[in-house]
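Chemist: next input, structure requested:
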Amino acid sequence: MNEVQQKINEKDGAFYIDVNGKQQALMTFIFAGNDRFIIDHTEVNPEINGKGFGKMMVVKAIEFAREQKLKIIPLCPFAKSVFDKNPQFNDVL
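Modeler: I've put the predicted structure just below:
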């Protein structure tokens, strides 16, 4: 199974999925103050659409937010749709 990886610095970060050593999915975010971050973009290689990679990255962002006691602002339409469909994630909004 392909795992979501993350790279984070002081200002922003990303969650991504590599398949066979090549990045196939990416979700970027920026920190907004000390207690929240904004998911601003999600992209998945069209060749692997429908495999749930986008949602996997959103779930990883939610896990990160919960661990770090952060809130998420889902500006990205895809991320927002995941939150809209899954009320169990509303604790990080």
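
Chemist: when you work out contacts or count neighbours from here on, use the C-alpha atoms and nothing else.
Modeler: Noted.

Chemist: how near is the residue lying closest to Met56 once chain neighbours are set aside to Leu26?
Modeler: If you skip the residues right next to it in sequence, Met56 has Val4 as its closest partner in space, 7.0 Å away by CA to CA, 6 or more residues apart in numbering. For Val4, the distance to Leu26 (CA to CA, to the nearest Å) stands at 9 Å.

Chemist: tell me, what's touching the two both at once?
Modeler: Counting by CA atoms under 8 Å, 6 or more residues apart in numbering, the contacts common to Val4 and Leu26 are Phe15, Tyr16, Ile17, Met57.

Chemist: quick one: the helix or strand that the first one is a member of to chain centroid distance?
Modeler: To tie it back to what came earlier, the one meant is Phe15. Element membership of Phe15, judged by DSSP states H and E, is strand 12-19. In terms of CA atoms, centre = their mean, to the nearest Å, the centre of strand 12-19 is found 8 Å from the chain centre.

Chemist: for it, give me every contacting residue.
Modeler: 2-8, 23-31, 53, 57, 60-61.

Chemist: flag every buried residue along the host helix or strand of Gln24.
Modeler: For Gln24, the host element (DSSP H and E) is strand 22-31. Within strand 22-31, the residues that qualify as buried by neighbour count (16 or more other CA atoms under 10 Å) are Gln24, Ala25, Leu26, Met27, Thr28, Phe29, Ile30, Phe31.
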